[in-house]
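> Task: produce atomic coordinates for the following.
(one chain, ligands or ions: 1)
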Amino acid sequence: MITSRTAWDLGSGPSSGAVWNTKDLVPDGCGQDRLSAGSGAGTSPRVPLLPTLLHHKILSVSWPDAANPRGLCRALQALRDTACKRREETQHQDLTPATEEPLASPCEPAAATAVQAASTMNLEKAGGRICSGKRASLPAARPFPVIQKVMASMAHLQKEKLQLQEELLGLQEKLAAQENDELSLSLQLQGQVETLKAKVLEQAQEIGRLRSELGGTDAEKHRDLLAAENERLRQEMKACEGELRELRRQQQQQAPCRDCHHLQENAGLQEQLSQLQREAEETRAKLVELDLEVQQKTNRLAEVELRLKDSLAERAEEEERLSRRLRDSQETIASLKSQPQQIKYIIKTVEVESAKAKQALCETQSRNQYLQEQVGMQRQVLKEMEQQLQNSQKTEAQLRAQIVMYEAELERAHGQMLEEMQAMEEEKNRAIEEAFSRAQVEMKAVHENLAGVRTNLLTLQPALRTLTHDYNSLKRQVRDFPLLLQETLRSARAEISQAIEEVHSTNRELLRKYRRELQLRKKCHNELVRLKGNIRVFGRVRPITKEDGEGPEAANAVTFDTDDDAVLHLLHKGKQVSFELDKVFPPQASQEEVFQEVQALVTSCIDGYNVCIFAYGQTGAGKTYTMEGTAANPGINQRALQLLFSEVRGKAADWDYTITVSAAEIYNESLRDLLGKEPQEKLEIKLCPDGSGQLYVPGLTEFRVQSVEDINKVFDFGHVKRVTECTNLNEHSSRSHALLIITVRGLDRSTGLRTTGKLNLVDLAGSERVGRSGAEGSRLREAQHINKSLSALGDVIYALRSRQGHVPFRNSKLTYLLQDSLSGDSKTLMMVQVSPAEKNTSETLCSLKFAERVRSVELGPVSRKAELASWPSQEQLEGDSPGSAATPGRGHTSHSPGQLSSRSASIRRKLHTSGGWWGTLGAHMGSLHPRRLPPQARGKACMRE
Ligand SMILES: Nc1ncnc2c1ncn2[C@@H]1O[C@H](COP(=O)(O)OP(=O)(O)OP(=O)(O)O)[C@@H](O)[C@H]1O
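Numbers count the residues shown, from 1 in each chain. Sure, this is the predicted structure:
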């Protein structure tokens with residue numbers, strides 16, 4: 001820091017008179033610590049500067065240029081020069097008279113002292129190494145006190161000088177060491193800089209490698225994106241090519257299509273092409289942007305390079321400056337070494353400046369290091385940017401190549417598209433031409449049709465006028481139609497009402513006539529029944545079975561009349577006895593044939609008649625077979641029920657029918673329920689408590705059956721029960737009467753009339769001659785019960801046919817139970833079962849006699865009533881031998897087969913000519929007589945009984 005503004009003329013004359021101004025010491029604008037002289041007097045002005053400044057403390061310890069070692073050196077050198085010069089001047093003054101006053105001014109005691117010292121002391125000793133070449137011979141002593149004083153001072157100075165010299169030597173050594181240190185430090189720094197540069201280079205290489213591994217820069221990412229886009233476009237292009245190839249192939253394979261499908265595809269392909277072109281344009285634009293970006297980066301790189309060059313130039317300049325300053329400092333130090341005066345100041349200054357120089361050196365080094373780092377960074381950046389630039393250029397080149405390739409592909413696809421479009425266009429034109437020609441033809445036809453239509457129109461106009469006229473008239477009619485309709489409706493209603501009234505009256509009349517007719521027919525039927533009788537007797541001869549044995553006993557004793565199916569002949573004890581019944585079934589007659597003859601009787605049950613069919617005959621004669629049959633070949637029972645169902649279904653449109661079934665057994669005059677839960681329970685026959693006079697059996701199970709399956713269930717159930725019973729009773733099975741009671745109830749939905757018909761199907765017990773068989777005990781009792789019941793049955797039939805006032809129904813459980821089906825206009829069929837075996841001829845004879853007598857009752861009720869005044873007992877029947885003369889009253893006669901045949905045939909002819917058998921008549925009458933015997937009539941029958 002400059003502390004004084006006083007200008008001091010250091011020299012004695014103008015020759016050396018460079019005037020120093022403080023302004024000369026002020027650092028220049030660039031901050032360069034350069035000492036400058038106020039005049040341009042060569043290098044001499046620099047010599048007195050530093051000592052003067054130091055002497056007057058013009059230079060502060062913080063000399064601005066202290067940081068520059070070269071400047072310091074120069075300053076020291078200047079100090080040495082000054083010191084030498086002053087020594088010479090001092091020697092010159094020593095030769096002047098002692099009276100002369102020292103030139104030193106009061107304000108400069110140090111300078112004066114130095115002059116005095118120079119004049120008095122031994123310069124050889126004092127100048128030492130600084131000015132060793134110049135020695136002066138001084139007087140040994142001066143008598144003057146001033147001189148002595150000076151001498152003393154000089155001695156003292158001499159001492160001080162020696163000290164300073166020693167110190168200077170130390171300083172020089174220190175300075176040399178410092179210079180060495182600085183040099184080694186500089187070398188070390190340079191080595192460090194080189195090491196750092198190498199590291200920076202390595203790091204740059206490492207960064208480049210890492211970047212290449214990570215795919216770092218935006219340009220690279222952009223390049224990757226573009227590559228992906230490029231790949232996608234290539235695939236789309238391939239797909240388009242595939243579609244085009246497919247289209248071409250289809251076009252080659254197929255006939256040219258005339259619809260607009262290809263046009264649509266063509267449009268779609270064109271759209272795709274334009275889309276691809278747009279994408280290519282976008283890619284191009286992106287490439288242009290990329291080029292721009294690369295250009296910008298290149299520019300930035302150039303700028304950075306420029307800045308870097310500037311920095312390097314600055315750095316070089318700085319280095320130059322520093323080296324210059326170092327040189328100056330070294331020069332200064334050298335000058336200081338040669339300058340003996342003011343060593344202390346110089347040393348201090350050097351010490352201060354050395355620290356400052358060190359500091360400046362450090363700063364310079366740090367700045368140098370910073371600049372090196374900057375340079376490294378800039379180089380790195382430059383390298384990166386160069387790398388990026390290279391990559392971008394490479395990518396750009398690749399993309400340009402791809403774009404060129406795409407453009408070529410697009411060009412090719414475009415060409416193909418154009419060709420296809422051309423082909424399609426031609427196809428379209430062809431189709432249009434064809435359509436146009438067709439349209440022209442059609443138009444021509446339409447024109448012709450139009451001409452025809454016009455012609456027709458002309459011809460139709462009169463018809464149209466007529467139609468218009470008709471339409472108007474119809475319109476009028478339509479307008480008048482509601483009135484006319486109302487009128488017509490009124491009259492029609494009146495006519496309809498009248499017609500309905502007439503129909504009603506006609507219906508009433510018809511109903512009246514119908515009822516009258518019904519009554520008449522019923523009367524006729526009753527009369528016919530009265531005339532013909534309602535009991536029929538059939539005979540059925542079973543075949544010879546293995547149970548009949550072999551030999552003469554098993555010989556066939558029954559023969560038939562080939563001309564008359566109602567006559568059979570029995571060879572009994574060598575004599576042939578003939579019997580005439582209503583029908584005889586030979587052994588070969590099937591179940592179906594038998595049922596054919598009885599089915600009319602069964603259907604009359606539906607019409608409200610009571611029917612009773614019972615099988616009579618000795619044990620093993622085939623009663624059960626005829627009534628029940630077998631599972632494979634059912635008998636009358638099952639067939640009758642099937643027929644009833646079939647008939648009921650046929651009448652279902654007008655009638656509602658319910659069919660119920662009961663099964664009972666009479667054994668030893670005990671009635672048991674075969675379908676009940678307690679078969680052993682004895683049931684009783686009672687009158688209905690409602691006073692209707694009808695009989696009923698309390699506790700007798702009644703099953704309602706609706707199908708054949710139900711019937712089978714009932715039969716199975718009843719059969720099991722009966723079988724169980726049979727098993728319990730062992731051989732008494734044939735000693736009981738089995739009854740299947742079927743009740744058919746009908747409702748005529750149109751008239752509301754109700755009918756009830758009952759069909760009793762009875763399998764009677766065997767009619768053996770127990771008296772002759774010598775049965776005893778329970779067997780005898782059974783036989784007695786059987787005979788009693790069979791006799792009672794005969795009595796009842798006789799009483800009915802002879803129209804006796806009393807009919808003995810109550811003589812047995814059997815007749816009592818069958819009362820409904822035996823009285824009134826009921827119909828009865830007795831199937832006499834016959835065994836043809838020789839050994840059974842006696843029993844067969846009895847059965848046939850019984851049957852014939854029953855039948856003879858019908859044929860001549862008045863006359864025969866006398867004959868059949870008393871019903872023969874079983875024993876009586878047994879007493880009738882075939883050979884004995886038959887009384888007129890007996891039904892059985894012994895005729896020659898020819899006589900019997902002619903007579904019975906005449907009777908049957910009479911019956912058939914009068915309308916057939918009553919079963920058929922009954923079936924016919926049934927449709928006219930929906931109601932059977934009223935309860936009152938039954939009541940009368942009971943009363944008669
Ligand atoms: N028309 C026929 N055709 C073939 N076999 C018959 C015929 N009639 C009866 N039979 C056979 O004769 C045998 C005796 O018949 P069935 O049992 O029906 O006699 P039944 O009179 O009922 O005897 P019972 O009084 O003991 O019950 C049976 O084996 C049966 O199959």
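> Which parts of the stretch 451-600 of the chain are helices?
Along the stretch 451-600 of the chain, the segments classed as helices by DSSP state H, counting those that start in this stretch run 591-606.
> ok, the residue in it that the ligand sits nearest to - how many residues close by?
Closest residue of the stretch 451-600 of the chain to the ligand, Cβ to the nearest ligand atom: residue 542 (3.4 Å). (Glycine included, C-beta is placed from N, CA and C.) Neighbourhood size, residue 542 [other Cβ atoms under 10 Å]: 23.
> Look up the closest residue to it, ignoring the ones flanking it.
residue 622 (3.8 Å; Cβ to Cβ, 6 or more residues apart in numbering).
> what residues are up against the one you found?
540, 542, 615, 833, 835 (Cβ atoms under 8 Å, 6 or more residues apart in numbering).
> same question, residue 374
Contacts of residue 374 by Cβ under 8 Å, 6+ apart are residue 311.
> which secondary structure element contains it?
Using DSSP states H and E, the element containing residue 374 is helix 343-532.
> now do residue 743
In the assignment (DSSP H and E), residue 743 maps to strand 737-748.
> Give me the helices and strands touching that strand, please.
Secondary-structure packing of strand 737-748 (3 or more Cβ pairs under 8 Å, 6 or more residues apart in numbering; DSSP states H and E): helix 591-606, helix 623-627, helix 636-650, strand 655-667, strand 754-763.
> same question for it, mean pLDDT?
In this model, strand 737-748 has a mean pLDDT of 91.
> what residues go with each domain of the chain?
With domains defined by the TED database, the chain comprises 384-532, 533-725+736-860.
> List the contacts of whichever residue of the stretch 751-900 of the chain sits closest to the ligand.
Nearest residue of the stretch 751-900 of the chain to the ligand (Cβ to the nearest ligand atom) works out as residue 766 at 3.8 Å. By Cβ under 8 Å, 6+ apart, the contact set of residue 766 is 617, 618, 619, 620, 621, 623, 734, 735, 786.
> What separation do you get for the fourth one and residue 759?
Translated: residue 620. 26 Å (Cβ to Cβ, to the nearest Å).
> Which residue of these two possesses the greater neighbour count?
More crowded of residue 620 and residue 759, by other Cβ under 10 Å: residue 759, with 29 against 20.
> Most neighbours of all the contacts of residue 766, which one?
Highest neighbour count within these: residue 617, with 30 neighbours (other Cβ under 10 Å).
> Pull up the gap between that residue and the ligand, please.
6 Å (Cβ to the nearest ligand atom, to the nearest Å).
> for residue 677, same thing?
From residue 677 to the ligand the distance is 25 Å (Cβ to the nearest ligand atom).
> Then residue 686?
For residue 686 relative to the ligand (Cβ to the nearest ligand atom), the value is 29 Å.
> Would you confirm that that residue contacts residue 699?
No. When contacts are counted by Cβ atoms under 8 Å, residue 686 is not listed as touching residue 699 (10.2 Å).
> Can you pull out the low-pLDDT segments for the stretch 151-300 of the chain?
Along the stretch 151-300 of the chain, segments meeting pLDDT under 70 span 210-220, 251-262.
> can you pull out the helices in it?
Going by DSSP H, counting those that start in this stretch, the stretch 151-300 of the chain shows helices at 218-253, 261-338.
> And the shortest one, what does it pack against?
Counting contacts by 3+ Cβ pairs under 8 Å, 6+ apart, the secondary-structure elements packed against helix 218-253 are helix 261-338, helix 343-532.
> Could you export those helices to TSV, including columns for distance to the ligand?
TSV is the format used below for the helices and strands packed on helix 218-253 (distance: least, Cβ to the nearest ligand atom, whole Å):
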stretch	distance to the ligand
helix 261-338	87
helix 343-532	28
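> Same list (the ones you listed) but as TSV, adding distance to residue 847.
Listed next are these as TSV, based on distance: least, Cβ to Cβ, whole Å:
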stretch	distance to residue 847
helix 261-338	101
helix 343-532	23
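> Return the most buried member of those.
Across the helices and strands packed on helix 218-253, averaging neighbours per residue (mean count of other Cβ atoms under 10 Å) puts helix 261-338 on top, at a mean of 16.
> so that one versus helix 343-532, what angle?
Compare the direction of helix 261-338 with that of helix 343-532 by axes from the mean of the first three to the mean of the last three Cα atoms, to 10 degrees and you get 160 degrees.
> for the closest residue to residue 197 other than its chain neighbours, what are its contacts?
Distances taken as Cβ to Cβ, 6+ apart place residue 376 nearest to residue 197, at 6.6 Å, with adjacent residues excluded. Contact analysis of residue 376 by Cβ under 8 Å, 6+ apart lists 196, 197, 200.
> now do residue 439
Counting by Cβ under 8 Å, 6+ apart, residue 439 has no contacts.
> Stretch 666-674 near the ligand anywhere?
No. Between stretch 666-674 and the ligand, judged by Cβ under 6 Å from any ligand atom, nothing touches; the nearest distance is 12.5 Å.
> got the end-to-end distance for that stretch?
10 Å (Cα to Cα, to the nearest Å).
> buried residues in it?
666, 667, 668, 669, 671, 672, 673, 674 (16 or more other Cβ atoms under 10 Å).
> Skipping adjacent residues, who's closest to the second one in space?
Yep, that's residue 667 we're talking about. residue 736 (3.8 Å).
> ok, now how distant is the one you found from the ligand?
Using Cβ to the nearest ligand atom, one gets 9 Å for the distance from residue 736 to the ligand.
> wait, which of the domains of the chain is closest to residue 295?
Ranking the domains of the chain by proximity to residue 295 (Cβ to Cβ) places domain 384-532 first, at 9.7 Å.
> Please identify which residue in the stretch 101-250 of the chain comes closest to the ligand.
residue 250 (87.2 Å).
> can you redo the helices of the stretch 151-300 of the chain as TSV with distance to residue 825?
Output for these, formatted as TSV (distance: least, Cβ to Cβ, whole Å):
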stretch	distance to residue 825
helix 218-253	96
helix 261-338	93
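> if we can go back for a sec, out of the contacts of residue 622, what pair is the most spread apart?
Of all the pairs that those form, the one spanning the most space (Cβ to Cβ) is 615 and 835, at 13.1 Å.
> OK, contacts around residue 656?
So residue 656 contacts 746, 747, 749 (Cβ under 8 Å, 6+ apart).
> The closest residue to the first one other than its chain neighbours and residue 519: what is the separation?
Counting by Cβ to Cβ, 6+ apart, the nearest residue to residue 746 once its immediate chain neighbours are dropped is residue 755, at 4.4 Å. Using Cβ to Cβ, residue 755 is found at 16 Å from residue 519.
> next one: residue 681
44 Å.
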